[in-house]
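**Q** Task: produce atomic coordinates for the following.
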Amino acid sequence: MKLTNLIILILGMLIILQANDLQLIEGDIEITYPKSSRQLAHYTLNVLQAANPEYTTVFGPDHEPIKFRIFNSQENFLRETAAWLPNWANAVTLFPQKIVLIKTPDLNQLTLREYRRAVRHELVHLRQGSIVPLNLTPAWFNEGVAVYLTGESHLTDRILLSRAITQNRIIPLTEISDFLKYNRQQVSLAYIESTTVIEFLVQVYGFEVLPNLFRQLSQNRSFEQSLFLTIGIGIGELDSFWQKYILKRYRWIFLLDIQNLIWLILPLLVVFVYFIKVARNKTIIQKWNNEETVSLIK
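**A** I've put the predicted structure just below:
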């Protein structure tokens, strides 16, 4: 009896806690948030309102609700996801519920800019999932599109890719699968690889390659069929062409790493100082010679 009462009490507390959540609804956007995150909810709304029209050029118009739920508790976030997630995961998009669960920035020590990217990233997944289930398209494609459209990649990511190229550690596209199973370094490499695949497609075929590909996918075609109908090659050929692309474009980017720059610049600096000293010594010797000549004349 006591155990039953305890369970009822816990369930009641959970209901009360959830009841304390507030909702911000404007147009097709619905944001559920704890009372303490009111400003963050309005910021999230502004980010979604700015990003959604951009993504419409890729995915087409969509009037389904855009649902986000903000969590300020790691425990509540993990309980709602009902799945194992690594600590680095800031957000997740759930299907078929079609809702994004996202942590407040303080839980993973994110800056507001990083939080903004996470919101935009998950919005891409949400919009893409309304066209084709994400489990029917390759993981590298899903994450590559999200990172590319969000503009998340940085020079450090490209340096990581460059090092992987020089060390022959590039992960073939067919082996990039569940990002959640990778450690932090592996996931960073998988993300930048996936991003540069989309970058390659846009560079070669133009930005229209993305909406064209999604139009094919919306016809209930497989990813392989849609890819071939859009660009005329399969995944194997795409992998080969993409690896040649990153080899040519990113092979030497690792030299931009500050540590490598120091070792590159240091020898040049030594040579520069040496020539300055030689020139200075010549000037001094010439001055002495001139003074000696004047003295002799006198």
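
**Q** contacts, neighbours, all on C-alpha from now
**A** Will do.

**Q** Please, where are all the helices along this protein?
**A** 2-19, 38-59, 74-81, 112-129, 139-150, 155-166, 184-205, 209-217, 223-231, 235-250, 258-297 (DSSP state H).

**Q** Now do the fourth one against helix 139-150, angle only.
**A** Inter-element angle recorded for helix 112-129 and helix 139-150: 130 degrees (by axes from the mean of the first three to the mean of the last three CA atoms, to 10 degrees).

**Q** do the same with the shortest one
**A** With the same axes, to 10 degrees defining the directions, helix 74-81 sits at 120 degrees from helix 139-150.

**Q** Can you name the residues in contact with helix 74-81?
**A** Phe71, Trp84, Leu85, Val92, Leu94, Leu101, Ile102, Lys103, Leu107 (CA atoms under 8 Å, 6 or more residues apart in numbering).

**Q** Provide the partner residues of the fourth one in its beta bridges.
**A** Read that as Val92. Val92 has the following beta-bridge partners by DSSP bridges: Leu101.

**Q** State the distance from it to Leu78.
**A** Distance, Val92 to Leu78, by CA to CA, to the nearest Å: 10 Å.

**Q** same check, this time on the fifth one
**A** Distance, Leu94 to Leu78, by CA to CA: 12 Å.

**Q** still on that earlier bit, may I see the contacts of helix 74-81 organised as JSON lines, with distance to Arg251 added?
**A** JSON lines is the format used below for the contacts of helix 74-81 (distance: CA to CA, whole Å):
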{"residue": "Phe71", "distance to Arg251": "41"}
{"residue": "Trp84", "distance to Arg251": "36"}
{"residue": "Leu85", "distance to Arg251": "33"}
{"residue": "Val92", "distance to Arg251": "33"}
{"residue": "Leu94", "distance to Arg251": "37"}
{"residue": "Leu101", "distance to Arg251": "37"}
{"residue": "Ile102", "distance to Arg251": "36"}
{"residue": "Lys103", "distance to Arg251": "36"}
{"residue": "Leu107", "distance to Arg251": "36"}
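
**Q** Now list the buried members of these.
**A** Phe71, Val92, Leu94, Leu101, Ile102, Lys103 (16 or more other CA atoms under 10 Å).

**Q** Could you check how far Arg113 is from Asp157?
**A** Distance from Arg113 to Asp157, by CA to CA: 17 Å.

**Q** where does the chain have low pLDDT?
**A** For the chain, residues meeting the criterion pLDDT under 70 lie at 1-19, 83, 254, 256-298.

**Q** With adjacent residues omitted, what lies nearest to Tyr33?
**A** Ile70 (4.9 Å; CA to CA, 6 or more residues apart in numbering).

**Q** Looking at strand pairing, list the partners for that neighbour.
**A** In beta-bridge terms (that is, DSSP bridges), Ile70 pairs with Ile102.

**Q** What count of nearby residues applies to it?
**A** 22 (other CA atoms under 10 Å).

**Q** Tell me how far Phe179 lies from Ala82.
**A** With CA to CA as the criterion, Phe179 and Ala82 are 17 Å apart.
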